[in-house]
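Enquirer: Could you look at this predicted model? Sequence included:
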Amino acid sequence: MKSVEASRLEKFAVEALIRVGATESDAKTVATFLVRASLRGIDSHGIMRLPTYVKRAKQGLINTHARIRVVSEVGSLALVDGDNGFGQVVGKEAMDWCIKRAKETGIAAAAIRNSNNFGAASLLAMQASEKGMIGFVFTNTAPAMPPWGGTTLTLGTNPIACAVPSDLGFPIVMDMSTTVVARDKIRAMAKQGKKIPPGWALDKLGRPTEDPLEALDGILLPVGSHKGYCLAFMVEVLSGVLSGSLFGRDVRQIYDFTGPQGVGHFVGCINIEGIMPLNEFKHRLAQLIAQVKSSDLAEGCERIYLPGEIEFNIEQERLRTGIPVPEEVIRELANLGEYEGLEPLLTI
């Protein structure tokens, strides 16, 4: 494991993406999302994904000059076509539209079709919280779990994210897959040669496994048993069915290079000022936080964390000390840099 400054990783990512046809603006957006995810400790959705994005772009599976457009809008609701662009760029533009419209109408949402993987959903939700609004994000993904009671992979990890502004110096952020764990967290553990905890996945024969490779080839378990399945189904409806994008078994894995992913998203935000003054909201939120933080501790627990607090703490630490990058990922980035003629990552 080597520590690399965030600025070095971001510069490397921008140059790599530009080399495969991305505009400088889009390259910066994607690089910022990847590095910010790594800074926050969401390594499975961070810089380790860069080689895959580059490969997909080079093969024409991501449109590096996508013409993202609002296809239709009614009041505070829009349909956005991503033109198979980078998911981070598509999602950001859609959330920007929602923020602008919510300033006028109080709430806004956008269904998004023809997009790609956008990394950590929380970063899109935080776009809204940074503007004093509550942001929410849903997205479908390639099949990772069967319907409850079935065995055929049909629904994705289908994450849900929500970000709320606070006076703590960081937003309250929920970002969770509807499976017990995101697929790329298992992939990250495989790269590090680690076993996965029991209860995360089954192998392709339906047997419990702690082998990450068997899990990736098998079944991810839903969070909360049948309840996780229900959440994943509804995320699929909002992101895939409603948007006109691909859904269910038709969505491709980010590591499937036979065609575009066809991912769909559903994003939006709530203008708090449309209900009460933002300062009043933050004051009331602080009262709830005080109640949560003052809870008696369970045996073995040292403190109560708020949603997103651990990620904020990790980000502050990594800004000081650098982002720890596994040796396997360093090798992949080095190979990418050599192939694309980039300056070596660790000497930028």
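Expert: Sure thing, it's come through. Numbering: from 1, shown residues only.
Enquirer: Chain neighbours aside, what residue packs nearest to residue 223?
Expert: Spatial nearest neighbour of residue 223, excluding adjacent residues (CB to CB, 6 or more residues apart in numbering): residue 180 at 5.3 Å. Heads up, the C-betas are built off the backbone N, CA and C, glycines and all.
Enquirer: Okay, the one you found and residue 151: tell me how far apart.
Expert: As judged by CB to CB, to the nearest Å, residue 180 and residue 151 stand 17 Å apart.
Enquirer: Assess the claim that the residue nearest to residue 223 and residue 200 are in contact.
Expert: Yes: between residue 180 and residue 200 there is a contact under CB atoms under 8 Å: 5.1 Å.
Enquirer: residues bridging contact with these two, i.e. touching both?
Expert: 220, 221 (CB atoms under 8 Å, 6 or more residues apart in numbering).
Enquirer: okay, now residue 76: neighbour count?
Expert: By other CB atoms under 10 Å, the residues close to residue 76 number 18.
Enquirer: of residue 180 and residue 151, who's got more company?
Expert: The neighbour comparison of residue 180 against residue 151 (other CB under 10 Å) goes to residue 180, with 21 against 12.
Enquirer: Next up, the contacts around the residue nearest to residue 223.
Expert: Taking CB under 8 Å, 6+ apart as the test, what residue 180 contacts is 199, 200, 201, 220, 221, 222, 223, 228.
Enquirer: could you redo the last one with a cut-off of 6 Å?
Expert: For residue 180, the contact set (CB atoms under 6 Å, 6 or more residues apart in numbering) comprises 200, 221, 223.
Enquirer: if I look at it, how far off is residue 217?
Expert: Residue 180 sits 17 Å away from residue 217, going by CB to CB.
Enquirer: cool, and residue 143?
Expert: 13 Å.
Enquirer: higher neighbour count, those two?
Expert: residue 143 (20 against 12).
Enquirer: now that one, nearest residue through space, not along the chain?
Expert: Spatially, and ignoring its direct neighbours in sequence, residue 143 is nearest to residue 153 (3.9 Å; CB to CB, 6+ apart).
Enquirer: in a helix, that's where that neighbour is, yeah?
Expert: No: counting by DSSP: H, G, I helix; E, B strand; the rest coil, residue 153 is not found in a helix; it is coil.
Enquirer: so it makes contact with residue 141?
Expert: No: Residue 153 is not in contact with residue 141 according to CB atoms under 6 Å; the separation is 11.2 Å.
Enquirer: the more surrounded of the two?
Expert: Remark: of residue 153 and residue 141, residue 141 carries more neighbours, 29 against 18, as counted by other CB under 10 Å.
Enquirer: Buried residues, the helix or strand where residue 53 lies. List them.
Expert: Using DSSP states H and E, the element containing residue 53 is helix 50-58. Buried residues in helix 50-58, counted by 16 or more other CB atoms under 10 Å: 50, 51, 52, 53, 54, 55, 56, 57.
Enquirer: Skip ahead from that helix and say which helix or strand is next.
Expert: Counting by DSSP H and E, the next helix or strand C-terminal to helix 50-58 is strand 69-74.
Enquirer: What strands line up against that next one, and which way round?
Expert: Strand 69-74 pairs in its sheet with strand 77-81 (antiparallel), by DSSP bridges.
Enquirer: ok, which stretches of the stretch 201-348 of the chain are helices?
Expert: Listed in chain order, the helices of the stretch 201-348 of the chain (DSSP state H, counting those that start in this stretch) span 212-216, 226-236, 278-293, 309-321, 327-340.
Enquirer: Mind checking these for the one nearest to residue 45?
Expert: Closest to residue 45 of those is helix 309-321 (CB to CB; 11.5 Å).
Enquirer: for the buried residues of helix 50-58, which one is nearest residue 304?
Expert: Of all the buried residues of helix 50-58, residue 304 sits closest to residue 50, with 35.2 Å by CB to CB.
Enquirer: roughly how far apart are that closest one and residue 243?
Expert: 27 Å.
Enquirer: again, but for residue 292
Expert: Residue 292 is 35 Å from residue 243, by CB to CB.
Enquirer: Tell me how far stretch 21-40 lies from the chain's centre.
Expert: On the basis of CA atoms, centre = their mean, to the nearest Å, stretch 21-40 sits 13 Å off its chain's mean C-alpha point.
Enquirer: Check stretch 110-122 too.
Expert: Centroid separation for stretch 110-122 versus its chain: 8 Å, with CA atoms, centre = their mean.
Enquirer: Endpoint to endpoint, it covers what distance?
Expert: End-to-end span of stretch 110-122 (CA to CA, to the nearest Å): 16 Å.
Enquirer: Please apply the same query to stretch 191-204.
Expert: In stretch 191-204, first residue to last residue: 20 Å (CA to CA).
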